[in-house]
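Peer 1: Here's my sequence, what's the structure:
(one chain, ligands or ions: 2)
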Amino acid sequence: MANEINTIGVLTSGGDAPGMNAAIRAVVRESIIKGKKVFGIKRGYAGLLQEEIFEMQTTDVSDIIQRGGTILQTARCTEFTTAAGQQKGAEICKRHGIDGIIVIGGDGSFRGAQKLAGLGINTVGIPGTIDLDIACTDYSIGFDTAVNTAMEAIDKVRDTSTSHERCSIIEVMGRGAGFIALWCGIANGAENVLLPEKYDYNEQALVNNIIENRKKGKQHHIIINAEGIGHSTSMAKRIEAATGVETRATILGYMQRGGCPTARDRMQASLMGAYAVDILCEGKSNRVVGERNGKLMDMDIDEALAMQKSVDAYEYKICYNLSK
Ligand code: ADP
Ligand code: F6P
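Peer 2: Ligands and ions are numbered 1, 2, ... in the order given. Purely as a prediction, here's the structure:
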């Protein structure tokens, strides 16, 4: 085979996501089962450029499937976005005998993998981000855990909101994507959900809605605000002044990225990790692993990065209808 893979590197890059450890475990064990050497690369592309590279054995990934975060650590690395940084990264791979790299991260991380592939290092990306914003795949590792964490936190805020008869604006993560917000909108039965994809934000309509709901006897008013819209604290002050209803902002923040991965995240991470090794060993490169209609698949990175994704129109409509 022209592209025979003997040594596989694995790194995590961008924001961490629960389930990344389960993916690392799967990559390490599937590689060793296939008779390959496997190297862990610390701190994403930053660690690659610093040559923080070490050989991993089966026992190095014991007792991590249930842990949040990433044992390899993660980073964002500006140097790797330059041609010189990418060239240096490819040379380091060659010097360490790394024939293929598995990159666990989001779209940005896949752009890095695409550059390494162009420089002769075989690459496969595994979608790992709580944001669910990778267009080529129905699922990305970490989303299920994060959305459940957010949902549970919002339930708690709702208890105190009801006791005090307040309005609560709760901001969830997702960068430019509103998937966590929309899911919480439905799963928490929120009165309003503000999404960057549906930027029809009309504060007067929101104010009217809060006043109407108060008249109907609702004791709380939960607004889920996506990070991509933001400004929750100033919004709360304006809404309180306009409605006379005490309004508080809660920004859930990084708690959404931590914690034990759910069964779904462990399952997806394990399957995607093993699948990435399998296709790398078949000689494939510049690919992203994904899940489509419940099946594992892989796709060219260039094609994957050109795709667009938005929230589902039906889910949005139902969220809106059920909040009445
Ligand atoms: P995510 O992978 O979660 O989308 P980022 O967008 O922050 O997170 O990207 C993670 C890292 O991937 C960046 O810090 C950088 O090292 C690398 N990266 C991002 N964009 C590019 C690019 N265009 N070329 C090469 N590397 C990139
Ligand atoms: O991509 C995951 C994510 O948590 C986003 O939801 C958020 O916008 C971003 O990362 C925050 O990144 P940082 O860790 O650099 O603050």
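Peer 1: is it fair to say Gly125 lies in a strand?
Peer 2: Yes. Applying DSSP: H, G, I helix; E, B strand; the rest coil, one finds Gly125 inside a strand.
Peer 1: For the stretch 101-250 of the chain, which segments are assigned as strands?
Peer 2: 122-127, 167-172, 192-194, 221-226, 247-251 (DSSP state E, counting those that start in this stretch).
Peer 1: Which stretch among those strands is buried most, on average?
Peer 2: Mean neighbour count (mean count of other CB atoms under 10 Å) peaks for strand 122-127 among those, with a mean of 30. Glycine gets a C-beta too; all of them are placed from N, C-alpha and C.
Peer 1: so for that strand, what's the average pLDDT?
Peer 2: On average, the pLDDT along strand 122-127 is 98.
Peer 1: Parallel or antiparallel, list what pairs with it.
Peer 2: For strand 122-127, the paired strands and their directions (DSSP bridges) are strand 100-105 (parallel), strand 287-292 (parallel).
Peer 1: Adding mean neighbour count, mean pLDDT and distance to Ile211, write those strands out as TSV.
Peer 2: Shown next, in TSV, are these (neighbours: other CB atoms under 10 Å; pLDDT from 0 to 100; distance: least, CB to CB, whole Å):
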stretch	mean neighbour count	mean pLDDT	distance to Ile211
strand 100-105	30	98	45
strand 287-292	22	97	44
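Peer 1: can the strands of the stretch 101-250 of the chain go into JSON lines with extra columns for distance to Tyr201?
Peer 2: Putting the strands of the stretch 101-250 of the chain into JSON lines (distance: least, CB to CB, whole Å) gives the following:
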{"stretch": "strand 122-127", "distance to Tyr201": "29"}
{"stretch": "strand 167-172", "distance to Tyr201": "12"}
{"stretch": "strand 192-194", "distance to Tyr201": "6"}
{"stretch": "strand 221-226", "distance to Tyr201": "9"}
{"stretch": "strand 247-251", "distance to Tyr201": "15"}
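Peer 1: between those, which one is nearest to ligand 1?
Peer 2: Closest approach to ligand 1 among these (CB to the nearest ligand atom): strand 122-127, 9.0 Å.
Peer 1: Identify all contacting residues around the closest one.
Peer 2: With CB atoms under 8 Å, 6 or more residues apart in numbering as the contact definition, strand 122-127 has outside contacts at 3, 5, 23, 99-106, 109-110, 113-114, 116-117, 134, 137, 139-141, 269, 272-273, 276, 279-280, 283-290, 298, 301, 304.
Peer 1: that older thread, tabulate the strands paired with strand 122-127 (JSON lines), appending distance to Glu227.
Peer 2: Shown next, in JSON lines, are the strands paired with strand 122-127 (distance: least, CB to CB, whole Å):
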{"stretch": "strand 100-105", "distance to Glu227": "18"}
{"stretch": "strand 287-292", "distance to Glu227": "24"}
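Peer 1: Ligand 2 is nearest to which of these?
Peer 2: strand 100-105 (9.0 Å).
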